[in-house]
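*Asks:* my questions concern the predicted model and sequence given below.
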Amino acid sequence: MEESSLRTAGPLARETRAWRLAQPFHLESGAVLPAVQVAYRTWGELAPGGDNAVLVCHALTGSADADAWWGGLFGPGKALDPAWDFIVCSNVLAGCYGTSGPIQPHPEDGQPWGSRFPEVTIRDMVRLQALLLDHLGVDTLKLVLGPSLGGMQVLEWAATFPGRVQAMAPIGVSGRHSAWCISIGEAQRRAIFLDPDWRDGRYAADKPPRHGLAVARMMAMVSYRSWENFETRFGRKTQDWDGRFAAASYLDYQGEKLYRRFDANTYVRLTQAMDSHDLARGRGEYADVLGRIDIPALVVSVDSDVLYPPHEQRDLAELLPQAHYEVLHTPAGHDGFLIETDALSDMILRFMQG
């Protein structure tokens with residue numbers, strides 16, 4: 001393994017490692033990345049028989065630090081227990097937390113790739129993860145799980161490498177990106193492109209297009225939560241010091257928090273990758289493709305999810321031959337998988353033990 005320093009848009013846990021491919025990486029689009037590194041974390045030890053590996057796939061703005069953003073699933077008696085399992089999580093291709101992406105230096109001029117970084121697909125992400133697992137000596141995955149963008153990777157793992165996956169748990173996701181989600185992502189990207197500091201992605205290092213990214217995040221937060229969540233938390237409350245609605249102030253806070261830790265070009269490329277998500281693309285009829293994924297599957301809905309509504313997960317469960325369908329009950333909306341972690345951990349344990 002070749003170790004290298006990690007250039008990121010935000011802090012990484014010191015346990016995060018980087019693995020660099022020895023050969024160029026070919027994308028679905030035909031573009032070739034001459035040098036690729038993958039940032040990843042592991043927990044636990046791989047069993048001599050190699051039968052205890054679990055892959056965690058992160059959502060849109062996540063990182064390899066799964067124990068930070070999904071800590072409620074880690075520990076003794078939890079779904080992810082390093083005492084029993086060898087757990088792997090890597091930052092996705094085109095990410096900004098250590099894996100090759102727009103903030104990494106371009107090999108020709110040493111400047112960030114920016115918008116020159118080519119578009120990638122979910123399948124590109126999964127093929128790169130597979131190479132990392134080869135490097136780690138993992139031939140078979142006991143379980144692949146993840147929410148949202150992570151759930152897209154889970155489904156692609158099962159479709160692309162069926163012989164390597166023994167069970168999967170896609171959470172809060174669909175088998176192909178809907179027109180609803182594509183439209184929301186396009187509006188968010190347009191907010192970034194209209195930022196006055198945006199220059200085709202080639203902005204000064206000290207002056208990123210923070211306003212556009214903040215607005216994109218504000219739009220996203222509305223779809224990540226629910227009507228009930230906003231109404232209960234904020235209603236029509238205003239702030240004493242400026243008279244602003246509390247809900248508006250909350251969105252400002254979320255937008256600012258993201259632009260301080262994330263990269264705008266990365267946001268563009270990852271949301272475009274999500275739009276490419278379609279298990280049936282180039283494989284045949286949608287129902288037939290899902291019908292061939294004949295492994296145990298825990299399909300989880302968040303009942304208040306307006307971004308990936310439960311009927312999409314029900315459709316998945318009906319078409320997957322060995323699917324078990326569960327509903328996570330919470331008023332929190334799509335982000336409920338980050339909040340109701342005890343209930344989610346119990347679902348996964350029951351599934352794996354059942």
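*Replies:* Now that the structure is in, tell me what you want to look at.
*Asks:* who does Y325 form a beta bridge with?
*Replies:* Beta-bridge pairing for Y325 (DSSP bridges): V299.
*Asks:* count the residues that sit near H329.
*Replies:* By other CB atoms under 10 Å, 12 other residues sit near H329. The C-beta positions use only the backbone N, C-alpha and C, and glycine is treated the same way.
*Asks:* if I pick the closest residue to it other than its chain neighbours, what's in contact with it?
*Replies:* Excluding the flanking residues, the one nearest H329 by CB to CB, 6 or more residues apart in numbering is D303, at 5.3 Å. For D303, the contact set (CB atoms under 8 Å, 6 or more residues apart in numbering) comprises 310, 327-330.
*Asks:* which ones among the residues you listed lie within strands?
*Replies:* Among the contacts of D303, the residues falling in strands (DSSP state E) are 327-328.
*Asks:* isn't E15 right up against R41?
*Replies:* Yes. If you go by CB atoms under 8 Å, E15 and R41 touch, sitting 5.9 Å apart.
*Asks:* neighbour count: the two, which is higher?
*Replies:* Neighbour count, other CB under 10 Å: between E15 and R41, R41 has more, with 22 against 12.
*Asks:* if I've got this straight, the more buried one is in a strand?
*Replies:* Yes. If the criterion is DSSP: H, G, I helix; E, B strand; the rest coil, then R41 is within a strand.
*Asks:* report the contact partners of it.
*Replies:* R41 touches 13, 15-17, 64-67, 88-90, counting by CB under 8 Å, 6+ apart.
*Asks:* what pLDDT does it get?
*Replies:* If you check R41, the pLDDT there is 96.
*Asks:* where exactly do the helices run in this protein?
*Replies:* Remark: helices assigned in the chain by DSSP state H are 66-69, 122-136, 149-160, 179-193, 210-224, 227-233, 246-259, 264-275, 286-291, 310-319, 336-339, 341-353.
*Asks:* so which of the ones you listed is nearest L27?
*Replies:* Of all these, the one in closest proximity to L27, counting by CB to CB, is helix 122-136 (5.2 Å).
*Asks:* check the offset of that closest one from the chain's centre.
*Replies:* Its chain's C-alpha centre and that of helix 122-136 lie 14 Å apart, by CA atoms, centre = their mean, to the nearest Å.
*Asks:* and the chain, what are its domains?
*Replies:* 17-177+277-353, 181-273 (automatic domain parsing).
*Asks:* buried deepest among those, which one?
*Replies:* Highest mean neighbour count of those: domain 17-177+277-353, a mean of 20 (counted as mean count of other CB atoms under 10 Å).
*Asks:* what's the span of that one, first residue to last?
*Replies:* 31 Å (CA to CA, to the nearest Å).
*Asks:* and for stretch 332-350?
*Replies:* First-to-last residue span, stretch 332-350, CA to CA: 23 Å.
*Asks:* how about residues contacting that stretch?
*Replies:* 69-73, 78-80, 143, 145, 147-148, 169, 171-172, 223-226, 229, 298, 300, 302, 304-308, 326, 328-330.
*Asks:* so who does the spatially most central residue of the chain touch?
*Replies:* The centroid of the chain falls nearest to A59 when counting by CA atoms, centre = their mean (2.2 Å). A59 is in contact with 146-150, counting by CB under 8 Å, 6+ apart.
*Asks:* dihedrals phi and psi, P196?
*Replies:* Main-chain dihedrals, P196, degrees, to the nearest 10: phi -60, psi -20.
*Asks:* how near is the residue nearest to it when sequence neighbours are not counted to G255?
*Replies:* For P196, ignoring the flanking residues on the chain, the nearest one in space by CB to CB, 6+ apart is H211 at 7.5 Å. Look at H211 and G255: by CB to CB, to the nearest Å, they are 9 Å apart.
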